[in-house]
Each structure stands twice: as C-alpha cells, then as structure tokens.
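# no sequence on hand, only this structure:
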C-alpha cells in the first residue's frame, strides 16, 4: 500500500505513485483559489530592472489600504508567508513557543529547527505562558476562528511581557472582519498575510508581515533589498487595489465551497469545517478514499497524523466538478 | 550640492534629485545586461500553482549543466544572490570574516549585522587567517580576477580548518573559464552565481549557491520550500539551457564594453577595469561629472568611499549611446 502524500501541492509525487491515473490531474490538495486574478500586462522593466524603492512603496501602500492596517503599522512584503515563517525564529529568537493546534506544520518546524522548544496547545488561553504564541486564523485545515477579542487580549499580554503573538492570516482575505491587522501596531504582535492563496497566484511568491516599526526594521534588514520580484510587485499592487475583484471572488468561492460540502456529504463524509478555499472532512475509511481519488486522477490533502481526515480545495471548472462527482460515486 | 547616489539601480532617487533631467532616464548604475534574454511564453501554472519539486529539479539540472558543476555539488536556487548573502551569516555563523576589497558592500554589511567582526584585506594571501573569506570574482566594481589556483589553495585551507570560502561569481557568466564552480565540492567552499545580471532579468530574482551536500542541506532548510517563484523557475531553466544565447550575449557585451571604454577615454576618464557588463573609470572631478550626467538624465554609479571613481553599465541602444556621447561632450 502506498502511503498518503503528506504535503499539499505535491502533484509530482502523485503522478509518480499513480502513473495510470486519468489525465489531467485535478489538484485539490492546496487552498489556492482556482480562479486566479487575471494577469495584467507586465511592464518589461518589472522583469529587467532591480525593483526600486518606489515599486516597493507602491505595493506597500496598496497592501496597507487593502488590509486596513493602522497608520503606524509597517507592511513588509516578502516572497510569500513561508519566507516570514522561515525568518521569524532567526530574527526574533525565543526559547518557548506555543502553537494553537492542529495546524499548518511549518510554524512549529521552523521554530524547532532554530532551537526553540515548541508545544502544541488546544486552547488560546494556554498560549499566554509562552515566549512566542502562534495562531493560524482562520485555521488551516479546520477553519477554526479565534475571536478578535481573545487575540487582542493575548497580544496585549505578549506586549506587556515582551513576548510575541504571530497571527497567520493566510486564509482571511475572504472574511476580512476576522482580521486583526489592527493589533499589528502593538510591539507584541505580528500579522502575516498571504497574497497567492486568495488571488490564486501561489507561484508568484508574495506575502506580507504587518508589525510595529521597531520589529519592522529588523525584519527588513533580515530580508535585505529586492526580496520580492518585479512581477510580484506589479501584479500584487494592482490586485490589492482591486476591491471589486476580491468581493466577487469571495462570493464565488463561498458558493463553490457550499457545493463541495454538498458533494462530500452525499458521498458520506462528515463535514468538519474549513474556509471558502478548502473544506475539511472526515471518514472512517479516508485512506481508502484517498487512494480511490488518486486512482481517478484527483488529489486531495491527507494528514498522516489524522488518518481519518481529508481536505479538499475547490475544483477549477465544470469538467473538474464532474470528475469529482463521478469519483465520489454520487449518482 | 546634492550628494552622489550610493547604490546602483536607484533611479527613483535620481528622479527626485534631478527633476528637470531629460526623459527617459538612462540607468547605467547597475551591471545588468541591457539586452535581456527574450521572455518565453510562461505556462499559467507557473503563476498559479506552488512550484513543485519537479520544477525545482529541472531548474537545478539546467544550472548544474550550465555552470559545469561537478556531480557531487548541490546547486541550490534562491531569490537572487542577495538572498544567499543575507542567509550565509545566519546559517554558517562565524566570528572573524575577511573580505577581499574594495568590493560589493552587502557581504560585509550582512556579516556585520549578524555580529561578525569583518575586516577588508587587499590580498588573497591575507584571507587564510579568517574563519570566513569572501572573494567577489570577477570583482565588482574593478573587474579584478583572482586566479583559480589561488582560490583552490584558499578553499583547501578553509576545508582543512573547517572555515569557509565564499566566491561570489555574480559577474562570471561571460568569462566562464574564471569560474571555480569545481571548488564547490569542497566542504570549505561555497560558490554563488547570479542569473539576473548576465541574462538581463534582475527583476526576476534568481541566483544559486553551489556547495557540498552537507552545507546544502542546511541552506535548503533555511530557505524553506518555494523559495523561487514559478516564473523564475520556468524562465531560468529555459535560459540556462540556451548556450548559444549566452555565447552571443558575451560577444555583444564585450563589444559594447570596448565601445564604452573608448567613449569614456575620449572624455578624459582613466580606465581602471571592470567586466563586460560594467566599466570602472576615475576622474579628478568625478563628482562634477556625476552631477552633469544626472542633469542629462544619465545615471552612473558613484562610490562615496571612492570619490574619484565612477562605474558605467552598458547603454541599451543607439539612442542611449548618442545621449551618452553628447553628455560626455565628445564632438
């Protein structure tokens, strides 16, 4: 028996393990919007020149407005949220790190790699005792939302004791009222925002850290100059200024998520949660389902630590919906 | 009097300081090839999907072949050489760092920021006593080339004493016989290669570290997944497999460099050196020349620490050559 594939987006591995699956593969293993922001024309200089301060300032201003960050908050672009997840443990070293679990594994992995002692806790109330607290909000994979009030209380506590609350808002774009961007003005908080997921451009590598000026200076210094590509600066600035597109994408995504729930329920899966970009379900024979779906050329996300769970991203179009419906054997 | 602009590519600053300069500005302040590799068609998936292992493996194979790296050497892609310059002091901490000067300032700046004691030395022989030695080869800005034999000796010495020689080959692409990629198989050496400069695509953010497997593992772990954008993987892989383009670009660039030398000499500058992508000259009144050129909408590179020096990149076409000729007041 082949084991489930452990990380999202690993279509290459799926192809190797299931060489006879029908083509093309339908990758539902990530939480990336399958309807990307339409690529604008990109000026040749975005490719050829080193991006200059003006290009960075324009993107930062667009992100600052889109995320409704308070005036005093610095909005720092980097090559995806992952770039900041890699950087934070090195720039703000800490001994004891608490992660609100079960969640995206890279936070714990990067803090551990940097030598921190990482504990996973079940409740936000358990995070106050750590030097650094990590909350993915809304959470990946189950969509759990921690209230802004609880996060504000924790951010205040971290500020008081010179600790740090990291709120990873990679999946907040379609539910902006859940964002705590305003907390980023506190010394004890950093908010991370992804560009590629909601805008469907994960290959672009663009994300942001929102924080107070003193932390911002250290983060910028660690990132160095030209940490974001010219095309990412151009496309990101344009897309983040386009509130209408975001609003329409949020509605379309919510409708697709409801449609996906309905399919998965009919197939006998139990709904657990998720966001408008992915749905988490459980099934006693989730492992069997994973293999059957892969044999049909459809890749969901499995969780080795949670063998009864599967996570599904949104199909990209009617052909994909039909193949998923057939693979789920819904009459 | 306005002070010279300290960093290359700062066209935005030049525009502010010289608002009445004729348009468009001619940016000669960088060493980026003004004749970029023609952009191939980019598959939509390069933008929309997280780049997968296959995409990384394909780029690494292309770079491995292009750089003629020995089998055992790992070729690690990152978002430009600068990304590695930022990372090395954090991944391979050291106390005493020697830099062969006068050279690109970011190496010393990043090691200093990480707490190392950095000394600039004049001769390669003076580097053996340090924990980490940095050689930019060919050197920026003067084009000085250290012999492969001297570098091999230093790499051996560093390997013997568990030190590290970093050879920054950002400007070696057009003179590949100067490359010491073969030394990257030694534990005590890392070779850095830039993609954006020779291929004229600095905005893409792509560069490589070549090193032995044990160091490679630590570097890859610090970079994390998806450290290079989908478009960079696609374009880089294609361009690095195109030996004919590189050969033609090297010849064209060498001819332009000779033409630039001739212009600058006629204007009374003293030639100091450079590579086929930039020329370094000196003049007693280099500061005056800098301002006159800026007033003509032409931005060379000035060096606050070397007030008599100016560095010129290659003009992009006949209109730019004519404006430079006129600004240099050559009849």
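Structure's in. What do you need? This one's a predicted model, so the numbers in the text were calculated from it and none came from an experiment.
# all the strands of chain A, in order from the start?
Assigned by DSSP state E, chain A shows strands spanning A:26-27, A:74-78, A:96-100, A:117-121, A:132-136, A:164-168, A:189-194, A:207-211, A:270-275, A:278-282, A:298-299, A:301-302, A:309-313.
# out of these, the one nearest chain B is which?
With Cβ to the nearest Cβ as the criterion, chain B lies closest to strand A:26-27 of these, at 7.3 Å. Using the backbone N, CA and C atoms, a C-beta is placed for each residue, glycine as well.
# pLDDT of the closest one, averaged?
Per-residue pLDDT over strand A:26-27 has a mean of 96.
# again with stretch A:308-320
98.
# check stretch A:118-129 too.
Across stretch A:118-129, the average pLDDT comes to 97.
# could you do stretch A:64-75 as well?
97.
# list the contacts of it.
Identification of contacts with stretch A:64-75 by Cβ atoms under 8 Å, 6 or more residues apart in numbering or on different chains yields A:60, A:63, A:176, A:179, A:181-182, A:184-185, A:193, A:208-213, A:215-216, A:240-241, A:243, A:246.
# where does the stretch 201-331 of chain A dip in pLDDT?
Applying pLDDT under 70 to the stretch 201-331 of chain A flags residues A:331.
# which parts of it sit against chain B?
Proximity of the stretch 201-331 of chain A to chain B (Cβ under 8 Å from any Cβ of the partner chain) is limited to residues A:201-205, A:221-232.
# which residues touch residue A:194?
Contacts of residue A:194 by Cβ under 8 Å, 6+ apart are A:80, A:81, A:169, A:170, A:171, A:173, A:207.
# chain center to the longest helix along chain A: distance?
Ranked by residue count and defined by DSSP state H, the top helix of chain A is helix A:243-266. Distance of helix A:243-266 from the chain centroid (Cα atoms, centre = their mean, to the nearest Å) equals 17 Å.
# try stretch A:100-114
Computed by Cα atoms, centre = their mean, the separation of stretch A:100-114 from the middle of its chain amounts to 14 Å.
# what's the model's confidence in it, averaged?
96.
# hey, what's the residue nearest to residue A:101 when sequence neighbours are not counted bridged with?
Once flanking residues are discounted, residue A:101 sits nearest to residue A:120: 3.7 Å by Cβ to Cβ, 6 or more residues apart in numbering or on different chains. Counting by DSSP bridges, residue A:120 forms beta bridges with residue A:99.
# quick revisit: closest to residue A:287 out of the contacts of residue A:194?
Of all the contacts of residue A:194, residue A:287 sits closest to residue A:171, with 25.7 Å by Cβ to Cβ.
# ok, the residue nearest to the closest one when sequence neighbours are not counted - contacts?
Counting by Cβ to Cβ, 6+ apart, residue A:171 lies nearest to residue A:275, which is 4.6 Å off, once chain neighbours are set aside. Listed by Cβ under 8 Å, 6+ apart, the contact partners of residue A:275 are A:31, A:138, A:140, A:143, A:171, A:174, A:175, A:257.
# how much space separates residue A:194 from residue B:127?
43 Å (Cβ to Cβ, to the nearest Å).
# and for residue A:117?
Distance, residue A:117 to residue B:127, using Cβ to Cβ: 39 Å.
# neighbour count for these two, which is higher?
residue B:127 (25 against 13; other Cβ atoms under 10 Å in any protein chain shown).
# burial count for the closest residue to residue A:246 other than its chain neighbours?
Among residues not flanking residue A:246 along the chain, residue A:173 sits closest, at 6.7 Å (Cβ to Cβ, 6+ apart). Residue A:173: 26 surrounding residues under other Cβ under 10 Å.
# residue A:173 touches residue A:207, doesn't it?
No - with contact defined as Cβ atoms under 8 Å, residue A:173 does not count as touching residue A:207 (11.6 Å).
# who touches both of the two?
A:193, A:194.
# still on that earlier bit, so which residues make contact with the longest helix of chain A?
Contact partners of helix A:243-266, identified using Cβ under 8 Å, 6+ apart, comprise A:33, A:35, A:37, A:66, A:173-175, A:198-199, A:239, A:271, A:274-277, A:279, A:281, A:312, A:314-315, A:321, A:324-325, A:328, A:330.
# select only the buried ones of those in ChimeraX?
Buried members of those, defined by 16 or more other Cβ atoms under 10 Å in any protein chain shown, are picked up in ChimeraX with:
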select /A:33,35,37,66,173,174,175,198,199,239,274,275,276,277,279,281,312,314,315,321,324,328
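# just to revisit the earlier point, please check the contacts of stretch A:64-75 and keep the buried ones.
Going by neighbour count (16+ other Cβ under 10 Å), those have A:60, A:63, A:179, A:181-182, A:184-185, A:193, A:208-212, A:215-216, A:240-241, A:246 buried.
# and of the contacts of residue A:275, the nearest to chain B?
residue A:31 (10.4 Å).
# need the pLDDT of that closest one.
For residue A:31, the model assigns a pLDDT of 96.
# distance of it relative to residue A:316?
13 Å.
# tell me which of those two has more neighbours.
Between residue A:31 and residue A:316, counted using other Cβ under 10 Å, the more crowded position is residue A:31 (27 against 18).
# just checking, the more buried one touches residue A:279?
No - counting by Cβ under 8 Å, residue A:31 does not reach residue A:279; the two are 9.7 Å apart.
# overlap in contacts of these two?
Common neighbours of residue A:31 and residue A:279 (Cβ under 8 Å, 6+ apart) are residue A:311.
# tell me who's in contact with residue A:324.
Residue A:324 makes contact with A:26, A:28, A:263, A:298, A:315, according to Cβ under 8 Å, 6+ apart.
# tally of neighbours for residue A:156?
Counted with other Cβ under 10 Å, residue A:156 comes out at 15.
# and the end-to-end length of stretch A:25-37?
For stretch A:25-37, the first and last residues are 22 Å from each other (Cα to Cα, to the nearest Å).
# that stretch close to chain B?
Yes - using Cβ under 8 Å from any Cβ, we find that stretch A:25-37 touches chain B at A:27, A:30, A:32, A:34, A:36.
# ok, the most centrally placed residue in chain A - contacts?
Nearest residue to the geometric centre of chain A (Cα atoms, centre = their mean): residue A:170, 3.4 Å. Residue A:170 makes contact with A:31, A:81, A:104, A:136, A:140, A:192, A:193, A:194, A:197, A:207, according to Cβ under 8 Å, 6+ apart.
# what about the residues you listed, which one has the most neighbours?
Counting by other Cβ under 10 Å, top hit in these: residue A:193 with 29 neighbours.
# show me what contacts that one?
Contacts of residue A:193 (Cβ under 8 Å, 6+ apart): A:63, A:67, A:81, A:169, A:170, A:172, A:173, A:181, A:207, A:208, A:209, A:210.
# for those, work out which two are farthest apart.
The most distant members of the contacts of residue A:193, if one measures by Cβ to Cβ, are A:173 and A:209, lying 15.7 Å apart.
# ends of stretch A:39-55, how far apart?
18 Å.
# now do it: distance to the chain's middle.
On Cα atoms, centre = their mean, the centre of stretch A:39-55 falls 25 Å from the chain's centre.
# check stretch A:259-268 too.
The answer for stretch A:259-268 is 24 Å, by Cα atoms, centre = their mean.
# pull out the buried residues from it.
A:260, A:261, A:263, A:264, A:267.
# repeat that for stretch A:145-163.
Going by 16+ other Cβ under 10 Å, stretch A:145-163 has these buried residues: A:145, A:146, A:148, A:150, A:151, A:152, A:154, A:155, A:157, A:158, A:159, A:163.
# you'd agree residue A:307 is up against residue A:286?
Yes - Residue A:307 is within contact range of residue A:286, at 6.4 Å (criterion: Cβ under 8 Å).
# more neighbours: which of these two?
residue A:286 (20 against 15).
# show me what contacts that one?
A:302, A:307, A:308, A:309, A:310.
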